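A.B. asks: coordinates only, sequence not included:
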């Protein structure tokens, strides 16, 4: 058990201004780690969606309770999950092998370079058996400094409707709050960890595969769903450079069951090539820059309805959009 606690400590560093014995909500890294420890493996999209009501709400509620101004009694009802991204019917799918060649050419001069930290828009479906599903949406920016400290700014936002209100769950009842309201602003002390995903990812495909396997706490080769989960973890820590993008595309080109489907416009208005993996109960769509191979987004959509949770076929359970 000591090892598990140490892993949680590494996944959830304490802000530098926190009281010595202060308890706080788990951050997104610790939530992932807790899931792995509880279930012995990385949960799939449907498992993460079921856990979202408890895990996401717990973290968000603790911060929102002190910082957000709630809407009044006439507040509109909670917004529904966003619609799935639609592939252009007249577009031509680009095979991952061809995208890997393009990414390799783009990486010839080594720029742009790798940068620690991330800028990401995320939202996920929160579900319970006695409430309709609601969507938690946030924008997060993590920036590292020369002294190895880092800052994290999280704001409530709804990428589907810029400038429009988004959700809070301050007292268990979904309400609307002002778009862009700060959820948390924290500074973390230096990290001592040199293990993936804290250590820099390599730009050699073979070494990158081993790195992602270690980042996912796996003792066996990654399946395609596990590889996509590991990519999610990687991009929540690092903004990849051209050489890392090229290595990652070459890995994805060998992933079983990940197929090209055509062009999409993501939720930030960027055009990308979509690659789909159909798993048990969920469809994963990876959106990639057609010129550089950079991962732009990852969407998980339900393919099986679960009425007891209010989940319908086609509902978007999770979505992330990464920016440089």
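C.D. replies: Alright, I've got the coordinates. Keep in mind the model is a prediction, meaning the values are calculated, not measured.

A.B. asks: Return the distance of residue 232 relative to residue 187.
C.D. replies: According to Cβ to Cβ, to the nearest Å, residue 232 and residue 187 sit 25 Å apart. The way it works is simple: take the backbone N, C-alpha and C, and place the C-beta from them, glycine included.

A.B. asks: try residue 244
C.D. replies: Residue 244 is 27 Å from residue 187, by Cβ to Cβ.

A.B. asks: who has more neighbours, the two?
C.D. replies: Counted by other Cβ atoms under 10 Å, residue 244 and residue 187 do not tie: residue 244 has more neighbours, with 24 against 13.

A.B. asks: got the contact list for that one?
C.D. replies: The contact partners of residue 244, by Cβ atoms under 8 Å, 6 or more residues apart in numbering, come to 114, 201, 202, 203, 208, 238.

A.B. asks: repeat that with 6 Å
C.D. replies: 114, 201, 203 (Cβ atoms under 6 Å, 6 or more residues apart in numbering).

A.B. asks: Give me the spatial nearest neighbour of it, chain neighbours excluded.
C.D. replies: residue 203 (4.9 Å; Cβ to Cβ, 6 or more residues apart in numbering).

A.B. asks: what about residue 244, helix or strand, and which?
C.D. replies: helix 242-253 (DSSP states H and E).

A.B. asks: Looking at the contacts of residue 244, state which has the most neighbours.
C.D. replies: residue 201 (22 neighbours).

A.B. asks: my read: it touches residue 211, true?
C.D. replies: Yes. Applying Cβ atoms under 6 Å as the test, residue 201 and residue 211 come out as touching, 5.5 Å apart.

A.B. asks: Pull up the overlap in contacts between the two.
C.D. replies: In contact with both residue 201 and residue 211: no residue, using Cβ under 6 Å, 6+ apart.

A.B. asks: what's around residue 278, how many residues?
C.D. replies: Neighbours of residue 278 under the rule other Cβ under 10 Å: 13.

A.B. asks: So that it lines up with my notes, have the first residue be 57 from now on.
C.D. replies: Okay, using 57 as the starting number, the last item reads as residue 334.

A.B. asks: mind checking pLDDT for it?
C.D. replies: Per-residue confidence at residue 334 stands at 96 (pLDDT).

A.B. asks: Residue 152 now?
C.D. replies: 97.

A.B. asks: go on, residue 262?
C.D. replies: So, for residue 262, pLDDT stands at 95.

A.B. asks: Next, it: secondary structure please.
C.D. replies: helix (DSSP: H, G, I helix; E, B strand; the rest coil).

A.B. asks: What distance do you get for it to residue 306?
C.D. replies: On the measure of Cβ to Cβ, residue 262 and residue 306 end up 10 Å apart.

A.B. asks: Listing partners with orientation, what would you give for the helix or strand just after the helix holding residue 300?
C.D. replies: Using DSSP H and E, the next helix or strand after helix 298-309 towards the C-terminus is strand 315-321. Strand 315-321 has the following sheet partners, assigned by DSSP bridges: strand 327-334 (antiparallel).
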